[in-house]
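In: Would you be able to build a 3D model of this:
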Amino acid sequence: MVDLQICQDPDADAVLSASPFALVAGMLLDQQYPMEHAFRGPHKVQQRLGSFTPDAVASADPEQFAALCAETPAVHRFPGSMAARLQDLARLVNEEYDGEAERIWTEAKDAKDLDKRIRALPGFGAQKAKIFQALLAKQLGVRLDGWEKVTGDYSLEGHRSVADVVDDVTLQKVRDHKKQMKAAAKAKA
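Out: Residues are numbered from 1 along each chain as shown. Below is the predicted model of the structure:
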């Protein structure tokens with residue numbers, strides 16, 4: 001893995017950089033919550049649970065895991081539902097990929113197959129799948145045949161999503177872009 005700087009927190013970014021499962025989990029948590037805080041979730045869980053592997057997350061008692069995710073600072077603004085989704089994700093990674101989340105992309109035949117694999121993950125719809133593919137391509141160098149066709153706008157230059165965050169400056173540019181997009185959508189409504 002490469003040295004990611006999504007969270008702007010060296011310890012949390014180290015977890016993302018070392019663990020493909022943490023990277024997928026961070027992407028799962030990236031909804032209705034500030035991006036950098038969502039991607040800090042795996043580090044928070046690791047500190048509280050003692051591990052952030054698919055086995056550890058999947059085998060945790062659901063009530064205890066939900067409570068752990070709700071501890072201040074919470075893993076997400078909706079800690080209970082996200083705790084359940086994290087456990088669903090961990091079970092899927094264990095069952096489908098033998099606990100090796102990187103197999104989601106390393107064994108994909110092409111971008112279309114990768115898109116299908118990502119969309120099969122709990123909490124991943126079409127837009128999140130595109131963003132995650134862009135993250136894999138831009139940050140990890142994973143580009144499969146047909147990538148631009150599948151990722152659409154996320155393959156373009158600019159600062160549109162977490163895929164474009166490499167430091168605090170680009171994080172701010174992504175925030176600014178998102179703010180502009182929300183303002184434009186609000187103006188249309």
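
In: what about the nearest residue to Trp147 once chain neighbours are set aside, neighbour count?
Out: Nearest non-adjacent residue to Trp147, counting by C-beta to C-beta, 6 or more residues apart in numbering: Ala111, 4.4 Å away. C-beta coordinates here come from the backbone N, C-alpha and C atoms, glycine included. Residues contacting Ala111 under the criterion other C-beta atoms under 10 Å number 23.

In: Please apply the same query to Gln180.
Out: Gln180 sits with 10 neighbouring residues when counted by other C-beta under 10 Å.

In: before we move on, what about Ala187?
Out: Neighbourhood size, Ala187 [other C-beta under 10 Å]: 7.

In: quick one: it and Asp153, what's the gap?
Out: Distance, Ala187 to Asp153, using C-beta to C-beta, to the nearest Å: 19 Å.

In: Excluding chain neighbours, what is closest to Glu102?
Out: That would be Pro20: by C-beta to C-beta, 6+ apart, it lies 3.9 Å from Glu102.

In: Sorry, wrong one. I was asking about Gly146.
Out: That would be Ala111: by C-beta to C-beta, 6+ apart, it lies 4.0 Å from Gly146.

In: Centre of the chain to the strand or helix carrying Glu95, how far?
Out: According to DSSP states H and E, Glu95 maps onto helix 79-97. Relative to the centre of its chain, helix 79-97 is centred 13 Å away, using C-alpha atoms, centre = their mean, to the nearest Å.

In: if we look at that helix, which residues are touching it?
Out: Contact partners of helix 79-97, identified using C-beta atoms under 8 Å, 6 or more residues apart in numbering, comprise 21, 24-25, 28-29, 41, 45, 54-58, 60, 62, 65-66, 68-70, 75-76, 99-101, 103-104, 120-123.

In: cool, and stretch 64-72?
Out: Here stretch 64-72 makes contact (C-beta under 8 Å, 6+ apart) with 41, 44-45, 48-49, 57, 60, 75-76, 79-80, 82-84, 86-87.
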